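Novice: here is my input; please provide its structure:
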Amino acid sequence: MTREVKMKGRYAKKFLPIPADSKSIVYKIYGYEIIQHHLTKGGKLRLKWMDWYKGHGENASLTCRHFGISRKTFHKWQKRYKLFGLKGLDDKSKAPKKVRQPEISQEQEKRVIKIRKEHIRYGKKKIKVLYEKEYGETISTWKIYRIIRERNLYYHPVKNELLRKRRKLAEKKKRITELQKKAIKDLLFQMDTKVIWCNPEKRYIFTAIERDTKIAFARMYKNNSSYCARDFLLRLYFLLDGNIQYLHSDNGSEFAKYFDQACAELQIPHYFSQVPTPKDHAEIERFNRTLEEEFLQIGHYIDDPEIFNPLLTEWLIEYNFKRPHESLKYQTPFDFFF
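Specialist: Now for the predicted structure:
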């Protein structure tokens, strides 16, 4: 049983018998069979080319000028239509011909886990040898490593969990870029640690400078623990009568733990530089250079903090109250601040 579908517009006089159970609207335009709803937007456009070509004496040059396309393009799609029919007018699918299978099968994962648990100290190369010998199939070392890493199959799982927590904590650090977007006018102190090598030991000078006023502070310690950083912060806080709104440091371990606890107790937001971006704390880097050139290099260095720190304090008084600063239009930090 068939039914007739009446065409509209220029094809109003053309009729085509269609099977009654057909769900597609099938008709012919100058001999071309069309299933309308199967065509994409690009396919419908190219179908117009073929229709116009057939209706104007099969003149390819005239068709190309009418639609503004090259002869090469037209003949390419005409050839595809003759070879593949209506599907030839559609764009080629960009989907991969072969769907990528899971790189590691569940069976492989179970086998690697079993061997790893039996030989927890074996590395991926030894596990590969045992796997191939026992199961008679090859497996790459990177697959074994991936399974060990994702399943946390390490000899020291507790230690590995601590490392994971540290990484997670590092992701939550406040970055100085967040503060820079706010265009704050409050006092922001940059902090750093300058390492001094004195064989066979090292000394550490904690330094701090206010970003805009250039008020600076420094003090030597025998180590760079977070406890020393905390002590340095408390001294700075006392000297400034608590007038610190923000702190900015690099990602050194000294600016964690006890230092962070002190920041929380004093309610001072602590921001970190991006890694690695020295330009984030350019002011403190410049102060460290001044400290090196105008104090340490002219013979004031002593490796005993008890003797060195009083000398350093005298220089800091000169730096903050007497030394003209070019960036402050040759004012002292004290004059500029007050």
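Novice: report all helices and strands that the helix or strand encompassing Phe336 contacts.
Specialist: Here Phe336 sits within helix 333-337, counting by DSSP states H and E. Helix 333-337 sits against helix 305-321, with contacts defined as 3 or more CB pairs under 8 Å, 6 or more residues apart in numbering; DSSP states H and E. (C-beta placed from N, C-alpha, C; glycine too.)
Novice: averaged pLDDT, the helix it packs on. What do you get?
Specialist: For helix 305-321, the mean per-residue pLDDT is 94.
Novice: please apply the same query to stretch 125-141.
Specialist: 92.
Novice: which parts of that stretch are buried?
Specialist: When burial is assessed from 16 or more other CB atoms under 10 Å, stretch 125-141 yields the following buried residues: 127-128, 130-131, 139.
Novice: for it, the distance to its chain's centre please.
Specialist: Averaging C-alpha positions (CA atoms, centre = their mean, to the nearest Å) puts stretch 125-141 35 Å from its chain's average.
Novice: lowest confidence element among the helices and strands of this protein?
Specialist: Least confident helix or strand, the chain: strand 15-19 with a mean of 39, by mean pLDDT, DSSP states H and E.
Novice: what ranges do the helices span in the stretch 1-150 of the chain?
Specialist: Secondary structure of the stretch 1-150 of the chain (DSSP state H, counting those that start in this stretch): helices at 41-55, 60-67, 71-84, 106-118, 124-135, 141-150.
Novice: other residues contacting the second one?
Specialist: So that's helix 60-67. Contacts with helix 60-67, where a contact means CB atoms under 8 Å, 6 or more residues apart in numbering, come from 48-49, 52-53, 56, 70-71, 73-75, 78.
Novice: filter those residues to the buried ones?
Specialist: Members of those classed as buried by 16+ other CB under 10 Å are 49, 53, 74, 78.
Novice: Trp52 is in contact with the last one, correct?
Specialist: Yep, that's Gln78 we're talking about. No - taking contacts as CB atoms under 8 Å, Gln78 lies outside contact range of Trp52: 12.0 Å.
Novice: where does this structure have low pLDDT?
Specialist: Scanning the chain for pLDDT under 70 picks out 1-38, 97, 99-102, 157-185, 276, 278.
Novice: domain ranges for the protein, per the record?
Specialist: In terms of domains, the chain is parsed into 2-89, 106-171, 176-337 (source: automatic domain parsing).
Novice: make CSV out of those and add distance to Lys98.
Specialist: Shown next, in CSV, are the domains of the chain (distance: least, CB to CB, whole Å):
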stretch, distance to Lys98
domain 2-89, 20
domain 106-171, 20
domain 176-337, 40
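Novice: give me whichever of those is most buried.
Specialist: Stretch with highest mean neighbour count among these: domain 176-337 (a mean of 16; mean count of other CB atoms under 10 Å).
Novice: any idea how far that domain is from the chain center?
Specialist: Here the centre of domain 176-337 is set off from its chain's centre by 30 Å, with CA atoms, centre = their mean.
Novice: coming back round to it: nearest to Gln245, of the buried ones among the contacts of helix 60-67?
Specialist: Trp49 (69.7 Å; CB to CB).
Novice: which ones are touching the closest residue to Ile196 other than its chain neighbours?
Specialist: Residue nearest to Ile196 in three dimensions, not counting chain neighbours: Arg203, with 4.4 Å by CB to CB, 6 or more residues apart in numbering. Residues near Arg203 by CB under 8 Å, 6+ apart: 195-196, 220-222, 303, 305, 308.
Novice: repeat that with 10 Å
Specialist: By CB atoms under 10 Å, 6 or more residues apart in numbering, Arg203 lies in contact with 194-197, 220-224, 301-305, 308.
Novice: same thing with Trp52?
Specialist: Trp52 makes contact with 30, 59, 62-63, 66-67, according to CB under 10 Å, 6+ apart.
Novice: confirm Met191 sits in a strand?
Specialist: Yes - judged by DSSP: H, G, I helix; E, B strand; the rest coil, Met191 forms part of a strand.
Novice: please consider this matter closed, and thank you.
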